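> The amino acid sequence is not available; the structure is as follows:
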């Protein structure tokens, strides 16, 4: 089994910054894409950013230039640096990972439990 644990959420004023972390642990042979998604109340979960092992990154248009995703493959951890936060960024942020648990197993998508980001003055 694989666990993803997010941390770093909280309350921040508009224009402020937060850094989220997501660490994967458990039975891991290889992790492929890791990413951040968010879901605001009444809205569908949406992609924020994702990163593949080689470092290729994709961002949602709404966060380009403000958010930065990074990855530490040795620690099976990804980060999301969020700058210039806006009220519309408020949501529960979820980490996910595309994981192969053994050399012969199929790949499975795992999700973290989410961390809340609130942007308010």
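Okay, I see it. Please read these numbers as outputs of a predicted model, since none were measured by experiment. Residues are numbered from 1 along each chain as shown.
> By mean pLDDT, flag the weakest helix or strand of this protein.
Here the helix or strand of the chain ranked lowest by mean pLDDT, DSSP states H and E is strand 57-59, holding a mean of 92.
> which helices and strands does that one pack with?
Judged by 3 or more C-beta pairs under 8 Å, 6 or more residues apart in numbering; DSSP states H and E, the packing partners of strand 57-59 are strand 46-51, strand 67-72. No exception for glycine: its C-beta is placed from N, CA and C like everyone else's.
> in its sheet, what does it sit against?
In the sheet, strand 57-59 lines up against strand 46-51 (antiparallel) (DSSP bridges).
> Identify each buried residue in the partner strand, please.
48-51 (16 or more other C-beta atoms under 10 Å).
> Nearest to residue 93, out of these: which one, please.
residue 48 (7.1 Å; C-beta to C-beta).
> Give me the outermost residue of this protein relative to its centroid.
Centroid-distance maximum for the chain: residue 104 at 26.6 Å, with C-alpha atoms, centre = their mean.
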